[in-house]
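# model the structure of this input:
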Amino acid sequence: MTQKGFYFDSTRCMGCRTCETACKDYYDTEVDTNYRKVYDCEGGSCDVNEDDTVENLAYCYHMSLGCNHCEDPACTKACPTGAIHRDEEAGLVLIDDGKCIGCGYCEMACPYNAPKVDKEKGHSVKCSGCYERLQEGKEPICVSACPLRALQFGDIDELEREYSDSEVGNIAPLPDKDLTHPSLLVKVCPDAKPAGDMSVRVSNPLEVI
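The predicted structure is shown next:
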């Protein structure tokens, strides 16, 4: 079995949301449904010292996130019909629209907020890794669209070899990787905090719900 996954270089991402917009346009999703989301992460402070000098300890970085096609996905365990499942041949977590009853259990279970119930369609939707494009020998639309090449996609083993300076999902605001073992490699920028660090504030919560 080949496990597919994403590589994200947070030292390159400037938060332009081209990946998010390209995905939304390609799949023509509803206004409140995004398969890929860009989190604006910030924290720290600007402190005035006793000598009236200012010490800038503030930071800001971005995190682009789709479905992580986890090795141990929480969504598949929660699904009562088997609609959301790991496709062993594709190496992706996919949704069988014909089996999905739109109960939303996958949405509640996923710690990465990836699946969403599309009320118009009556079933759950999420990033599929652009499965149809992969079948045509193309890369995911978000990867193609990124102007700074901050995103890559492929066999996770090959990505690990190519980007040996990356870490598996270890960047806030993501949860601990041991929850689901995400197929996500991240090159962490100097300002980024590790996964699970609660001091990081997401400054655009309404965009990523």
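
# quick check, Tyr39 in a strand?
Yes - under DSSP: H, G, I helix; E, B strand; the rest coil, Tyr39 falls within a strand.

# against Pro80, how distant is the residue nearest the centre of the chain?
The residue lying closest to the centre of the chain (C-alpha atoms, centre = their mean) is Leu65, at 2.0 Å. Going from Leu65 to Pro80 by C-beta to C-beta, to the nearest Å gives 26 Å. Every C-beta, even on glycine, is put in place using the N, C-alpha and C of the backbone.

# which non-adjacent residue is nearest Asp157?
Sequence neighbours aside, Gln3 is the residue nearest to Asp157 in space, at 7.3 Å (criterion: C-beta to C-beta, 6 or more residues apart in numbering).

# ok, that neighbour touching Phe153?
No - applying C-beta atoms under 8 Å as the test, Gln3 and Phe153 come out as separate, 11.9 Å apart.

# returning to that earlier point: look up which residues are beta-bridged to the residue nearest to the centre of the chain.
Taking DSSP bridges, one obtains Lys37 as the residues bridged to Leu65.

# wait, it touches Arg36, no?
Yes - at 6.8 Å, Leu65 counts as touching Arg36 under the criterion of C-beta under 8 Å.

# shared neighbours of those two, anything?
Between them, Leu65 and Arg36 share no contacting residue under C-beta atoms under 8 Å, 6 or more residues apart in numbering.

# so, low pLDDT: which residues of this protein?
Of all residues in the chain, those with pLDDT under 70 make up the ranges 1.

# most distant residue from the centre of it?
Outermost in the chain, C-alpha atoms, centre = their mean: Asp51 at 43.7 Å.

# is His85 in a helix, a strand, or coil?
His85 ends up strand, using three-state DSSP.

# give me the nearest residue to it, chain neighbours excluded.
Thr76 (5.7 Å).

# name the SS class of the one you found, please.
When classified by three-state DSSP, Thr76 comes out as helix.

# my read: it touches Val93, true?
Yes - between Thr76 and Val93 a contact is recorded at 6.8 Å, counting by C-beta under 8 Å.

# joint contacts of those two?
Ile84, His85, Arg86.

# quick check, nearest of the residues you listed to Pro173?
For the shared contacts of Thr76 and Val93, the residue nearest Pro173 by C-beta to C-beta is Ile84; the value is 23.1 Å.

# who's in contact with the closest one?
So Ile84 contacts Pro73, Cys75, Thr76, Val93, Leu94, Ile95, Asp96, Cys100, Cys106, Pro115, Ser124 (C-beta under 8 Å, 6+ apart).

# specify the beta-bridge partners of it.
Ile95.

# ranges for the helices of the protein?
Counting by DSSP state H, the chain has helices at residues 18-27, 74-78, 105-109, 131-135, 141-145, 156-162, 205-208.
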